[in-house]
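this one's sequence-less:
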């Protein structure tokens, strides 16, 4: 399948392509498994909203997680149906949502028309970014219950490699995982985009009715502002990243009441916000 061929059926998550392996000994012609990346269009009640590039896996989870993370709906109960269609140009995902949610979505789109785009985090203006995207998530500002053990972070991160089947095959995707209090991984989602992987995880948790107070999320990437924002909006209290956060992400985590840990690898980690949620 080349770039011009249609997606009339579910595409595979990988494709074997011809490639040349170059070493000191010379060049060997062969083939490599490469991660697929396809356009995924989201529409709500028949209205087009966004097109994302993503791995063609767990699309219902992706759709619900994206919808919750963008505050298009306030609860998963406001999403009545998700339909996936493979079209000539990519994958179309149609979501049927509550009328109140649709009215708010239309109002938001109208309010943002005509503003100068800043290209930051997908918002249309700096005013919108400051007022909405950076607003705290007060739902996390609750008394801390029993803290998580630090060893649980490392157990969860250590289990991630064996659960990343797509990454093992291609070396080109990120993963987001959900762990219980003891660090055992209960759910993992993969995608070529780190934000997409977290959206898929959030969607999977919402569809399963998971109590997010009884676990934490781990990601195989840096912790950007958007990653922290998505986690906070999902009610996740602890986010552990294998790499570093950005300064804006740390500020967002502190304001949202989210515990943010970075560099979770090699038996060490760094806690950037709300350390009271992590024990020894």
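Arrived safely. Note that the coordinates shown come from a computational prediction; the quantities given were computed from them, not determined experimentally.

residue 276 versus residue 250, what's the distance?
16 Å (Cβ to Cβ, to the nearest Å). (Each C-beta comes from the backbone N, C-alpha and C, glycine too.)

higher neighbour count, those two?
In this view residue 250 and residue 276 are compared by other Cβ atoms under 10 Å, and residue 250 has more residues nearby, 18 against 10.

residues in contact with that one?
With contacts defined as Cβ atoms under 8 Å, 6 or more residues apart in numbering, the neighbours of residue 250 are 260, 272-273.

and if we set it to 10 Å?
With contact taken as Cβ atoms under 10 Å, 6 or more residues apart in numbering, residue 250 is in contact with 223, 225, 228, 244, 260, 262, 272-273.

same question for residue 41.
With Cβ under 10 Å, 6+ apart, residue 41 has these contacts: 48-52, 85, 87, 89-94.

closest to residue 10 out of these?
residue 91 (8.4 Å; Cβ to Cβ).

give me the distance between the closest residue to the closest one other than its chain neighbours and residue 71.
Counting by Cβ to Cβ, 6 or more residues apart in numbering, residue 40 is the residue found nearest to residue 91 once chain neighbours are left out, at 4.8 Å. Separation of residue 40 from residue 71 (Cβ to Cβ) stands at 19 Å.

and those two? which has more neighbours close in?
residue 40 (22 against 14).

helix, strand or coil for the more buried one?
Classification of residue 40 using DSSP: H, G, I helix; E, B strand; the rest coil returns strand.

which residue is nearest the centroid of the protein?
residue 198 (2.0 Å; Cα atoms, centre = their mean).

which SSE is it in?
Here residue 198 sits within helix 194-208, counting by DSSP states H and E.

surely residue 159 meets residue 184?
Yes: Residue 159 is within contact range of residue 184, at 7.4 Å (criterion: Cβ atoms under 10 Å).

who's more crowded, the two?
Using other Cβ under 10 Å as the criterion, residue 159 and residue 184 rank with residue 159 on top: 17 against 12.

how close does that one sit to residue 197?
Taking Cβ to Cβ, one finds residue 159 at 16 Å from residue 197.

and what of residue 240?
Going from residue 240 to residue 197 by Cβ to Cβ gives 14 Å.

so of the contacts of residue 250, which ones are in strands?
260, 262, 272-273 (DSSP state E).

would you mind checking the contacts of residue 250 for buried ones?
223, 225, 228, 260, 262, 272-273 (16 or more other Cβ atoms under 10 Å).

closest to residue 215 out of the residues you listed?
residue 260 (15.7 Å).

what about the helices in the stretch 151-280 of the chain?
Listed in chain order, the helices found in the stretch 151-280 of the chain under DSSP state H, counting those that start in this stretch are 165-170, 194-208, 225-233, 247-256.

pLDDT of the longest one, averaged?
Averaging pLDDT along helix 194-208 yields 98.

what do you get for the third one?
Averaging pLDDT along helix 225-233 yields 96.

residue 76 is nearest to which of the helices of the stretch 151-280 of the chain?
Closest among the helices of the stretch 151-280 of the chain, using Cβ to Cβ: helix 194-208, at 4.2 Å.

where does pLDDT dip in the stretch 101-250 of the chain?
Within the stretch 101-250 of the chain, the stretches with pLDDT under 70 are 109-144.

for it, which segments count as strands?
174-180, 185-191, 215-219, 238-241 (DSSP state E, counting those that start in this stretch).

so which of the ones you listed gets nearest residue 65?
It is, among those and with distance given as Cβ to Cβ, strand 185-191, at 8.6 Å.

angle of the closest one against strand 215-219?
Following axes from the mean of the first three to the mean of the last three Cα atoms, to 10 degrees, one obtains 30 degrees for the angle between strand 185-191 and strand 215-219.
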